[in-house]
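A.B. asks: the following block contains a protein sequence and its predicted model.
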Amino acid sequence: MDKRNDIIAGASEAFDAGGLRGAGIDGILAPSGTSTRTLYKHFGSRDGLVLAVLEDRDNRFMERLSQCDAAPVDAVFEVLRDWLRERGANGCMLMRARAEFGSGKADIVALVRERKRAFEEEVAARVEMETGREDAELATQIWLLFEGATAAASVADLSVVDAAQRAARLLVVAARERAR
């Protein structure tokens, strides 16, 4: 792993534990054994590091999703369940960034919107694969189940992901029956 990736990995853990704004710079850099100067060399600023961590986490999740062999809509929940088991159920880091930075950091807010919009489009494509037609309302419903399960898992247990997956499955089956 190169130094840039080392910093991102360490910062990701520090942000999970202390929040994106609350994690101290020493805690962010300690896992990679990096100096503040190196952080600025690679990311330009602390906000640059936050953006890199958010992009990295989202890219990793989407990569896993693209490799999942489950049915298209089920895959969203299968990958979420595995992700939460491995990393802990701390809520979506993108949504936490949006909440922590509010509108004060336009570049972070723009990244969160862009990534969430891309995920909604991914869910819509998966709905179309399952039902054979575009269905924006169904895609939104399934996206909301995913986002709700992600948030609820942080205060409950991972069984909420199972419940969301079953609800999504029922919605897909009902959409197929309506289309006949």
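C.D. replies: Noted; the coordinates are in hand. Numbers count the residues shown, from 1 in each chain.
A.B. asks: from here on, contacts and neighbour counts on C-alpha atoms
C.D. replies: OK.
A.B. asks: so which residues make contact with the helix or strand where Glu13 lies?
C.D. replies: Using DSSP states H and E, Glu13 maps to helix 3-18. The contact list for helix 3-18 (C-alpha atoms under 8 Å, 6 or more residues apart in numbering) reads 21-24, 27-32, 34, 39, 42, 49, 52-53, 56, 90, 93.
A.B. asks: and with 7 Å instead?
C.D. replies: Under the contact criterion C-alpha atoms under 7 Å, 6 or more residues apart in numbering, helix 3-18 has outside partners 23, 27-29, 31-32, 42, 52-53, 90.
A.B. asks: show me how far it is from its chain's centre.
C.D. replies: How far helix 3-18 lies from its chain's middle: 16 Å, per C-alpha atoms, centre = their mean, to the nearest Å.
A.B. asks: with stretch 115-129 instead?
C.D. replies: Centroid separation for stretch 115-129 versus its chain: 13 Å, with C-alpha atoms, centre = their mean.
A.B. asks: contact partners of the lowest-mean-pLDDT helix or strand in the chain?
C.D. replies: None of the helices or strands of the chain scores lower by mean pLDDT, DSSP states H and E than helix 25-29, at a mean of 90. Contacting residues not belonging to helix 25-29 are listed as 7, 10-11, 14, 35 [C-alpha under 7 Å, 6+ apart].
A.B. asks: which of the contacts of helix 3-18 has the most neighbours?
C.D. replies: In terms of neighbour count, Ile28 stands highest of the contacts of helix 3-18 at 26 neighbours, by other C-alpha atoms under 10 Å.
A.B. asks: how far away is that one from Val79?
C.D. replies: Applying C-alpha to C-alpha, to the nearest Å, the value for Ile28 to Val79 is 27 Å.
A.B. asks: send me stretch 39-58 as PDB with only the CA atoms.
C.D. replies: Presented in PDB, the C-alpha positions along stretch 39-58 are these (Å, rounded to 0.1, in the frame of the first residue of the first chain):
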ATOM      1  CA  LEU A  39      -1.000  14.800   4.700                       C
ATOM      2  CA  TYR A  40      -0.900  18.300   3.000                       C
ATOM      3  CA  LYS A  41       1.400  17.100   0.300                       C
ATOM      4  CA  HIS A  42      -1.100  14.400  -0.700                       C
ATOM      5  CA  PHE A  43      -4.400  16.000   0.000                       C
ATOM      6  CA  GLY A  44      -3.800  19.800   0.200                       C
ATOM      7  CA  SER A  45      -5.900  20.200   3.300                       C
ATOM      8  CA  ARG A  46      -7.900  18.300   5.900                       C
ATOM      9  CA  ASP A  47     -11.000  18.700   3.800                       C
ATOM     10  CA  GLY A  48      -9.100  17.200   0.900                       C
ATOM     11  CA  LEU A  49      -8.500  14.200   3.000                       C
ATOM     12  CA  VAL A  50     -12.100  14.000   4.000                       C
ATOM     13  CA  LEU A  51     -13.100  14.100   0.300                       C
ATOM     14  CA  ALA A  52     -10.600  11.300  -0.500                       C
ATOM     15  CA  VAL A  53     -11.900   9.100   2.300                       C
ATOM     16  CA  LEU A  54     -15.500   9.600   1.200                       C
ATOM     17  CA  GLU A  55     -14.600   8.800  -2.400                       C
ATOM     18  CA  ASP A  56     -12.600   5.800  -1.400                       C
ATOM     19  CA  ARG A  57     -15.300   4.300   0.800                       C
ATOM     20  CA  ASP A  58     -18.000   4.800  -1.800                       C
END
